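**Q** prediction below, plus the sequence it came from.
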Amino acid sequence: QVQLQESGPGLVKPSQTLSLTCTVSGGSITTSYYGWNWIRQPPGKGLEWMGVIVYDGSTYTRPSLKSRTSISRDTSKNQFSLQLSSVTPEDTAVYYCARARWGTYDYWGQGTQVTVSS
């Protein structure tokens, strides 16, 4: 059973960098051909895919967020991370990490609320 758990601060000030980590258990983040995704849901809106780090370490980011987003991993800890810089209140959302393969999401974290406010 694969489990994903997001962690990070729940409150970030405007213009600062949001940093979240997803810890994975029950499966390795280097296993072919899985992608490890970050997805968010702003209040009252739908899910928004932010980016992915693939089993081989390649990363892909939503074009509208590309200039502010960095996704990395620590294979020794079986974790992957999201950094979103220059945040504004519009980045307030529940942030999820999720595993996918061939376009199908099969495991999700429970989500973590991040609020951008001074």
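**A** Looks like it came in fine.
**Q** could you use CA atoms for every contact and neighbour count after this?
**A** Fine.
**Q** where's the nearest residue to residue 117 once chain neighbours are set aside relative to residue 41, distance?
**A** The shortest distance from residue 117 to any residue that is not its chain neighbour, by Cα to Cα, 6 or more residues apart in numbering, is 5.1 Å, and that residue is residue 13. Residue 13 sits 19 Å away from residue 41, taking Cα to Cα, to the nearest Å as the criterion.
**Q** between these two, who's got more neighbours?
**A** Set side by side, residue 13 and residue 41 give different neighbour counts by other Cα atoms under 10 Å, the larger being at residue 41 (18 against 15).
**Q** residues in contact with the residue most central in space within the chain?
**A** Computing the C-alpha centroid of the chain and ranking residues by Cα atoms, centre = their mean puts residue 38 first, at 2.7 Å. Contact criterion Cα atoms under 8 Å, 6 or more residues apart in numbering gives 49, 50, 51, 52, 82, 95, 96, 97, 98 as the residues in contact with residue 38.
**Q** ok, so of the residues you listed, who is nearest residue 105?
**A** residue 98 (6.7 Å; Cα to Cα).
**Q** in contact with the closest one, which residues?
**A** For residue 98, the contacting residues are 4, 36, 37, 38, 39, 105, 106, 107, 108, 109, by Cα under 8 Å, 6+ apart.
**Q** between those residues, identify the one with the most neighbours.
**A** Most neighbours among the contacts of residue 98, by other Cα under 10 Å: residue 36, with 29 neighbours.
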